[in-house]
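Prediction below, plus the sequence it came from.
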Amino acid sequence: MSELKLPSIDYAALAPTLILLGAALVGVLVEAFVPRRRRHVVQLAVALLAVLGALTMVVLNANDRLITIGGAIAIDGPALFLQGAILVLAAMALLLIGERTVERGGAFVAQAAVTAESADDRRQAEGAPGATEVYPLTSFAVGGMLIFVAANDLLTMFIALEVLSLPLYLLCALARRRRLLSQEAAMKYFLLGAYASAFFLFGVALVYGFTAGIPGRAAGVDFATIHAAVAESPSSSVLLFGGMAMIAIGLLFKAGAAPFHVWTPDVYQGAPTPITGFMAACTKVAAFGALLRVFHVAFEGARWDFTPVLGTVAVLTMLVGAVLAVTQTDIKRLLAYSSIANAGYLLVGVLAPTSDGVSGTMFYLVAYGFSVLAAFAVVTLVRDADGEATHLSRWAGLGQRSPFYAGLFTFILLAFAGIPLTSGFTSKFAVFSAAFDGGQGWLVIAGVLTSMVLAFPYLRVVVLMWLSEPGESTPAVVMPGWLTSAALTIGVVATLVLGVFPQPLLDLAAGAAEFVR
Amino acid sequence: MSDFPFLSVLTVAPLVGALVVAVLPRRRPELAKQVALGWSLLVLALSVVMWVTWQTGGDRFQFRESYPWIPNWGVNFTFAADGIALVMLMLIALLVPLVILASWHDAESSKRSVPTYFALLLVLEFTMIGVFAAADVFLFYVFFEVMLVPMYFLIGSYGGHQRQYAAVKFFLYSLVGGLFMLAAVIGLWVVGGKTFDWVELSQVDISTGAERWLFLGFFIAFAIKAPFFPFHTWLPDAGGAAPAGAAALLVGVLDKVGTFGLLRYCLPLFPDAAKWFAPWALALGVIGIIYAALLAIGQNDLKRLVSYTSIAHFGFIGIGIFAFTSQAATGAVLYMVNHGLATGLLFLVVGMLVARRGSALISDFGGAGKLVPLLAGVLFFAGLASLALPGTAPFISEFLVLIGTFSVNKPVAVIATLGIILAAAYVLWMVQRTTQGTLNPALTEVEGMKRDLNLREKVVVAPLVALIVLLGFYPKPVTDVINPAVQATMQDIGKTDPAPSAGTPQEASR
């Protein structure tokens, strides 16, 4: 029996992930041992400190370019940049998750297992302190995302996908109010997510089979092997294309791209709003991080084969997101369709075959994450006695009731619409210019045309808020606690700064655009 | 003194003023108005100094400044003005204080905050100055788009009937044009070697196909902005719903961005495509002149009528630009200035009438001259100026455009001349139905109609009337500034004037 050789492990490079997963475990222990009334503060502190600690480690590792733990994890420029982005956005999301002054007990239900709409359920909706399990769940999800963007083989990527998805399914089910909607959202997300994972796994198997068919090479699913196999493959292979398509389906599902987007509006609407923001920002970063790595590292040699297909998906995604956003009457669903359309713009960046495409996509992810978290922060504030007032008709005249918050939301909407001097414009410019430069002019045209359509729903909300008279049922904006205020401030300031002075982040992204293989 | 960074200071000053006005307490509207007026006068003073500093016969672009902004994309804060930009900057600096003065009580009728109205006017001035002062295509695009936001809120929040519809239509039309331009801007950046500098881009060789597409992207944006037929339908709505002051700026300045863009970007950057598309552009111009004039005749709403007259005038400007002779182009630029003065005056006077009567419908007036003779007189004068009566400034520009066009394209010039007759029809009918004839008895019951122009309103109209007459007899100060820039633009597209067969038309026009 031959001796088992242990792979070398660079613990410093893995530290961000380890800190997060460790913090999640500590969180589980806190649930068990800390008295109930102190748990919220302790859990929030543990999660926030873990995120900030991990962020520090990412910054300290900033110059690492290595592959560790037996080729499973690649810590390179994109991985570090995206990990940093996920951590910053997760910190913002945690601020929203931790908010308890806007609604008594927070945005989360105390006991998810109580039958929805029963008397008990109604009682606990009125201020029973929310479940504190959300913090370890969030930490697990963030930990999974950190692995997801750094995974250097398809199996590690699959495990990371599951680690980040399972807590998210649960988190979606924990809304304090409208329990049925929330549970339905979680169920839908779980079932469809399970399908998507299965697709991904099938794809991995097919790709393994493809690499095994290349003579004179060991089979494997690490990206270097796949890259070499694609380069040496004598002819186009059904196994390769089938596997690539299935892997793409799994990843595009998480990214919310059409035609794998159908879960997005329901889940965004049903999930507790802070979690919706978390998904819209962090999950997007993770999903596109993985897409970038898979298509720029593993399948790079098949670029001419996948670009037309993914390009079609991008166009479809932009179209579906933009056109369906027009008809929405619920602000969370509107933002969901807008996030679908944005997934399309991000795909445009992914398909640009240059390092500008990678850096542009990464810039877009950060910029969009800040804006979308700020947008959902405002959504948590517009509420009445029954919780958030998400129907658009309730937002009529909000500009007169609460000009300050309506102004902030208008600014964010202008950013989504891509008006200059906001990050929405600079990020669109980044991906579009990279795509144009990379010979994908048709995607730019599609992006511009859908932007025109997409401007209309945003403008409709602006019109409602400012130009309509407040109705009987227009709620006032609740004064946010300091946590939400902090998240909102960070989001809006980042949207402005990245729109006016994007240079530092562009530099950072450009310097981190090279993958290691 | 010429080292002073005029353009950047001039651009930023109104923005600072807007911030100051915006933070003034809502309960002290008078203070906000005074600060806004004072600030805009300061900007005017600065631009007068700039005008004096301008070296006639000097470089094509003067006051050039450049600071790095986004080096990764080659974007700079580059400001520079040629003669065309300079006269437009002067027009803006002149119109804004007058509009502020004319809008003194406009915002009070709405429930919205008064300081915000004046802050928005100053923000608008910031973006308008920026768009004319920019010499970096990216910077130009930024101002071009941001300009929509203050105007959107001016129309939407402070406008009259149907303001929401008009504001959204205005925003969407302009945004659509802007996004076409964005695609073209990115394309230009890629084929131009990743620079946005105007001077560098104007020397780039572009393949014929790409050039035509890029031209089209810019042209659509400018044609919507100007607006040319058939992209014009937003203007009557926006002009009709906007408060009179904002409408004067909208038609007087904002729309000139379109024609300015054609001269500064479309022609020099894509000369061959411009020549290829010129017949189409001329056709749009001619159709616009006739069609908009006919629609203007049929209007019963004063503000919409003035908006339609503007569309007809933009047809003339378009012809002047695409005739590719220096007289026509000089005429077009002069037209941009004169039209800003004449239509600005017309909109402001109409606004005064509408504010008194409480209605913009011509049928609600009749014989108003008997109640407010002075106001009626100014309306008549503004009307005559906008139909280009000899002796008023617009006559010179219209004449230059027509003779410049006639020397190269007789049919277009002949058809366009018909527009003058139609202009006489819509102006004179409008004046007749509002201020002449028997007094409409309903008018005597309206309290406002008993007050003729007060001192504030006289101060508003006097400078405009004076300038229209002055430039009508002595346009040389303006043409001297414009001419070198126009000559340079004509050189950019490689067009020379046809040799005159008898006498020189330019001398004849002076």
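Received the coordinates, thanks. Numbering: from 1, shown residues only, chains lettered A, B, ... in the order given.

Can you name the residues that contact whichever residue of chain A sits closest to chain B?
Residue of chain A nearest chain B, by CB to the nearest CB: residue A:420 (3.9 Å). All C-beta spots, glycine's among them, are computed from the backbone N, C-alpha and C. Counting by CB atoms under 8 Å, 6 or more residues apart in numbering or on different chains, residue A:420 makes contact with A:499, B:141-143, B:145-146.

again, 10 Å this time
Counting by CB atoms under 10 Å, 6 or more residues apart in numbering or on different chains, residue A:420 makes contact with A:414, A:426, A:428-429, A:499-500, B:138-139, B:141-147, B:149, B:178, B:182.

In helices, which of these fall?
Among the contacts of residue A:420, DSSP state H puts A:414, A:426, A:428-429, A:499-500, B:138-139, B:141-146, B:149, B:178, B:182 in helices.

how about the residues of the stretch 1-150 of chain B that lie near chain A?
Near chain A, the residues belonging to the stretch 1-150 of chain B are B:68-73, B:75, B:111-113, B:116, B:138-139, B:141-149 when assessed by CB under 10 Å from any CB of the partner chain.

Go ahead and build a PyMOL selection from the buried members of these.
To isolate the buried members of the residues of the stretch 1-150 of chain B next to chain A in PyMOL, using 16 or more other CB atoms under 10 Å in any protein chain shown:
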select buried, chain B and resi 69+70+72+73+75+112+113+116+138+139+141+142+143+144+145+146+147+148+149
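
who's in contact with stretch B:205-212?
So stretch B:205-212 is contacted by A:441, B:187-188, B:190-192, B:204, B:213-215, B:219, B:269-274, B:276-277 (CB under 10 Å, 6+ apart).

Who are the contact partners of residue 29?
Assuming you mean chain A. By CB under 10 Å, 6+ apart, the residues touching residue A:29 are A:46, A:136.

ah, I was thinking of chain B
Going by CB under 10 Å, 6+ apart, residue B:29 touches B:104-105, B:107-108, B:113-115, B:117-118.

Any regions of chain A where pLDDT drops low?
By pLDDT under 70, the low-scoring segments of chain A are A:1-2, A:235-236.

mind checking pLDDT for the residue of chain B found nearest chain A?
At 3.9 Å from chain A, residue B:142 is the closest residue in chain B, using CB to the nearest CB. According to the prediction, residue B:142 has pLDDT 92.

wait, doesn't it sit right on residue B:127?
Yes: between residue B:142 and residue B:127 there is a contact under CB atoms under 10 Å: 9.0 Å.

I'd assumed residue B:221 was in contact with residue A:448.
No: counting by CB under 10 Å, residue A:448 does not reach residue B:221; the two are 11.4 Å apart.

need the longest helix for chain B.
Ranked by number of residues, the top helix in chain B under DSSP H is helix B:326-357.

Hmm, I typed the wrong one, I wanted chain A.
helix A:179-212.

In terms of secondary structure, what does it contact?
When contacts are defined as 3 or more CB pairs under 10 Å, 6 or more residues apart in numbering or on different chains; DSSP states H and E, helix A:179-212 sits against helix A:119-125, helix A:154-172, helix A:223-232, helix A:238-255, helix A:263-270, helix A:273-278.

What's the first helix or strand after the last one?
In the C-terminal direction, the helix or strand that comes right after helix A:273-278 (DSSP states H and E) is helix A:284-293.

angle of that following helix against helix A:154-172?
Orientation of helix A:284-293 against helix A:154-172 (axes from the mean of the first three to the mean of the last three CA atoms, to 10 degrees) gives an angle of 160 degrees.

just checking, next helix/strand downstream of helix A:284-293?
Using DSSP H and E, the next helix or strand after helix A:284-293 towards the C-terminus is helix A:303-326.

got the CA positions of that following helix in CSV?
Provided in CSV are the C-alpha atoms of helix A:303-326 (Å, rounded to 0.1, in the frame of the first residue of the first chain):
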residue,chain,number,x,y,z
ARG,A,303,-14.6,30.5,-26.8
TRP,A,304,-15.8,30.5,-30.3
ASP,A,305,-18.2,27.7,-29.6
PHE,A,306,-19.8,29.1,-26.4
THR,A,307,-19.8,32.8,-27.2
PRO,A,308,-22.8,32.8,-29.6
VAL,A,309,-24.8,30.6,-27.2
LEU,A,310,-24.0,32.7,-24.1
GLY,A,311,-24.4,35.8,-26.1
THR,A,312,-27.9,34.8,-27.0
VAL,A,313,-28.6,34.0,-23.4
ALA,A,314,-27.3,37.5,-22.5
VAL,A,315,-29.6,39.2,-25.0
LEU,A,316,-32.5,37.1,-23.9
THR,A,317,-31.8,38.0,-20.3
MET,A,318,-31.6,41.7,-20.9
LEU,A,319,-34.8,41.6,-22.9
VAL,A,320,-36.8,39.5,-20.4
GLY,A,321,-35.6,41.6,-17.5
ALA,A,322,-36.2,44.9,-19.2
VAL,A,323,-39.6,44.1,-20.8
LEU,A,324,-41.1,42.4,-17.8
ALA,A,325,-39.9,45.1,-15.4
VAL,A,326,-42.2,47.5,-17.2
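
burial of residue 373, as a residue count?
If you meant another chain, say so; for now it's chain A. 29 (other CB atoms under 10 Å in any protein chain shown).

nope, chain B
So residue B:373, with other CB under 10 Å, has 13 neighbours.

what do you get for residue A:251?
27.

ok, now residue B:161?
Using other CB under 10 Å: residue B:161 sits among 11 other residues.

any idea how far residue B:268 is from it?
From residue B:161 across to residue B:268, the span is 42 Å (CB to CB, to the nearest Å).

same question, residue A:318
Per CB to CB, residue A:318 is found 34 Å from residue B:268.

Pick out whichever of the two has more residues nearby.
Legend: neighbour count by other CB under 10 Å for residue A:318 and residue B:268, higher for residue A:318 (29 against 20).

In space, what's closest to that one - neighbours in sequence excluded?
Closest residue to residue A:318 apart from its sequence neighbours, by CB to CB, 6 or more residues apart in numbering or on different chains: residue A:344 at 3.3 Å.

That neighbour sits in which helix or strand?
Per DSSP H and E: helix A:331-351 holds residue A:344.

Is any residue of the helix or strand just after that helix near chain B?
Next helix or strand after helix A:331-351 toward the C-terminus (DSSP H and E): helix A:355-381. Yes: counting by CB under 10 Å from any CB, chain B has neighbours in helix A:355-381: A:356, A:359, A:363.

okay, those in JSON lines with neighbour count and distance to residue A:24 next?
Compiled in JSON lines, these are given as follows (neighbours: other CB atoms under 10 Å in any protein chain shown; distance: CB to CB, whole Å):
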{"residue": "A:356", "neighbour count": "22", "distance to residue A:24": "36"}
{"residue": "A:359", "neighbour count": "29", "distance to residue A:24": "31"}
{"residue": "A:363", "neighbour count": "29", "distance to residue A:24": "29"}
